[in-house]
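K.L.:
Okay, here's the prediction I keep looking at, along with the sequence it came from:
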Amino acid sequence: MFYDDKIKESVVKKVLSPGGPSVPIISKEMGIHQNTIYSWIRLSDNSGVKRKKLSRRRLGLLEKFKNLLESKEKSDEELGVFLREKGIHSEHLELWEEEIQKALTSDSNKKQEKSLKKENEKLRKELIRKEKALAEMAALVVLKKKFLELLEEEED
């Protein structure tokens, strides 16, 4: 069911107001499921104004890297404020760091693999060329032997 933005804002303001009713109470009063109200709260800041939802699954690698760098510059108190502001947990930062490390190593592995494939292809072509040259030389040696045998037979 879809709810008007005004209803969403009023419900969030009621829940977040100091001494205000709890989510289960408002849920019963208004007939709105509790999970719906909790999702509205997650999508708003403390003033009830909508904010962009930051889910660690939806952030790109670049955004995760920027947030990680920004968090490294913060002191413990500033870090707590930063995390709440961004809507993320400290565990996300650890996971993102691992993810970025894996991405960087996989990128370097891909580059290394690509260069190895090029080198392998170059060596294969060289090997084929040398095998052809060797076959040609072997044919010339055989022909030379036969030619010399023919010359010896004619002399006899």
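P.N.:
Nice, thanks for sending it over.
K.L.:
Look up how far L69 lies from the residue nearest the centre of the chain.
P.N.:
Most central in the chain under CA atoms, centre = their mean is L61, positioned 5.5 Å from the mean C-alpha point. Relative to L69, L61 is positioned 13 Å away (CB to CB, to the nearest Å). Every C-beta, even on glycine, is put in place using the N, C-alpha and C of the backbone.
K.L.:
and what of I88?
P.N.:
14 Å.
K.L.:
quick one: which of these two has more around it?
P.N.:
The residue with more neighbours, out of I88 and L69, is I88; 19 against 9, by other CB atoms under 10 Å.
K.L.:
for that one, helix, strand, or coil?
P.N.:
coil (DSSP: H, G, I helix; E, B strand; the rest coil).
K.L.:
Also I32?
P.N.:
coil.
K.L.:
which phi and psi does it have?
P.N.:
When read as degrees, to the nearest 10, the backbone of I32 gives phi -110, psi 130.
K.L.:
Number of residues surrounding it?
P.N.:
By other CB under 10 Å, 18 other residues sit near I32.
K.L.:
got it, and the one 4 residues further on?
P.N.:
For T36, the neighbour count with other CB under 10 Å is 16.
K.L.:
which residues touch the helix or strand in which it is found?
P.N.:
For T36, the host element (DSSP states H and E) is helix 34-42. With contact meaning CB atoms under 8 Å, 6 or more residues apart in numbering, helix 34-42 is reached by Y3, K8, V11, V12, V15, L16, V23, P24, I26, S27, K53, G87.
K.L.:
I'd like those residues as CSV, with distance to E99 and secondary structure appended.
P.N.:
Shown next, in CSV, are these (distance: CB to CB, whole Å; DSSP: H, G, I helix; E, B strand; the rest coil):
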residue, distance to E99, secondary structure
Y3, 35, coil
K8, 33, helix
V11, 35, helix
V12, 32, helix
V15, 34, helix
L16, 33, helix
V23, 33, helix
P24, 37, helix
I26, 38, helix
S27, 36, helix
K53, 20, coil
G87, 18, coil
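K.L.:
I am finished for the moment; much appreciated.
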